[in-house]
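**Q** attaching a predicted model along with its sequence, questions to come.
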Amino acid sequence: MRPAHLALAVLVTAIWGVNFTVIEIGLDHFPPLLFSALRFLVAALPAVFFVGRPKVAWKWIVGVGLSLGVAKFGFVFVGMDAGMPAGLSSLVLQIQAVFTALIAFAVLGERPTRVRVLGMAVAFSGIGVAAVDEGTSGPLGAFALVIAGAACWGVSNVLTRKAAPPDALNFMVWVSTVPVLPLLALSLLTEGPRRDLDALRSLDLAGVGTVLFVAWISTVLGFGAWGWLLRRHPASTVAPFSLLVPVFGMSSAALFLGEPVSPLRWCAAALLVGGVALTSLTPGRKGAETTAQTPGASVAEAVIPSRSGMTPSEPAPAPTDLTNPPFHPLDASAPTTPAARS
């Protein structure tokens, strides 16, 4: 990989990692479901008029839009709003790679190797350690919501593998059109029209900046650049960079939000990242179909993005989702464990 391409891969994972800090800041300006709806609205418009017509069947666009955009990001944004720290969220979401492997086994019949099974066990042990750490300092309900988001991400990864989109950016932009109305409806029902209107009326530059970052930088730019790399390099070369997302996520949250990283959390990070590496980066069984790690699968969010896959240039294991998505500004005085927002 050329130095410029390597730098681009690191830049994308840095964007997806910092994205969690931006999301945390954005949640100080918007209710979580409204924030997620605005993210997809701005990501889709006006880009949808420039990327061309969808290149896969609508059933895949709708399926991924609902599982990734509505379910995954809905759970993650609500969980973070309820007190799940941004840095820990960027780490815990990587368990989506394990959920992807399990769902692929159940739905596609892809039997994991012994090494991948070992990786899943190691990753789940990391989740257990993270749960113990969070249980001593934050709400376990919020932790569970982010885990649920990771599971939904796994569903979207399998759907994306079946869709096999030839253009990551085109696919992500069209997927972004799906969650807007469902998320707005859920926001009106659960967060209330008054709260939504108050957030929009008090909109300031910081709020606008968070929406633009999670939509254009993390989603459109992030997924577009990741897809560009996958078209020029083997997935096995690009995919490992996604493991940098929680590194940038935890570091940026500590630097800008003042989130402490306890020794127990570092232990959880080592177990989870190591387990995900064994699960998603080791070769599959001979003859088994593999798919490229995609932005969506890897981060994150994306984000985009990955917050928390898109365009594999070669088949490879499901991503570790970006987000994408899954995105947010900074407050050094932020509490160690964000309190639930009213």
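**A** Alright, I've got the coordinates. Numbering: from 1, shown residues only.
**Q** for the host helix or strand of residue 36, the distance to its chain's centre please.
**A** In this assignment (DSSP states H and E), residue 36 forms part of helix 32-44. The chain centroid and the centroid of helix 32-44 are separated by 14 Å under C-alpha atoms, centre = their mean, to the nearest Å.
**Q** after that helix comes which helix or strand?
**A** Following helix 32-44 in sequence, per DSSP H and E, is helix 58-64.
**Q** neighbouring contacts of that following helix?
**A** Contact with helix 58-64 is made by 54, 156, 159-160, 162-163, 165, 171, 174-175, 177-178, 296, as judged by C-beta atoms under 8 Å, 6 or more residues apart in numbering. For every residue, glycine as well, the C-beta is placed using N, CA and C.
**Q** swap the cut-off to 7 Å and go again
**A** Helix 58-64 is contacted from outside by 54, 156, 159-160, 162-163, 174-175, 178, using C-beta atoms under 7 Å, 6 or more residues apart in numbering.
**Q** in that helix, what's buried?
**A** Using 16 or more other C-beta atoms under 10 Å as the test for burial, helix 58-64 gives 60-61, 63-64.
**Q** stretch 6-14 too?
**A** 8-9, 12-14.
**Q** and of those residues, the nearest to residue 275?
**A** The nearest member of these to residue 275, counting by C-beta to C-beta, is residue 13 at 18.4 Å.
**Q** mind checking how far the closest one is from residue 94?
**A** Going from residue 13 to residue 94 by C-beta to C-beta, to the nearest Å gives 12 Å.
**Q** tell me, what's touching those two both at once?
**A** Residues touching both residue 13 and residue 94 (C-beta under 7 Å, 6+ apart): none.
**Q** centre of the chain versus the helix or strand hosting residue 101, how much separation?
**A** If you go by DSSP H and E, residue 101 is part of helix 96-103. Put simply, helix 96-103 sits 14 Å off its chain's centre (C-alpha atoms, centre = their mean).
**Q** name the helices or strands packed onto that helix?
**A** Judged by 3 or more C-beta pairs under 7 Å, 6 or more residues apart in numbering; DSSP states H and E, the packing partners of helix 96-103 are helix 114-135, helix 140-163, helix 263-281.
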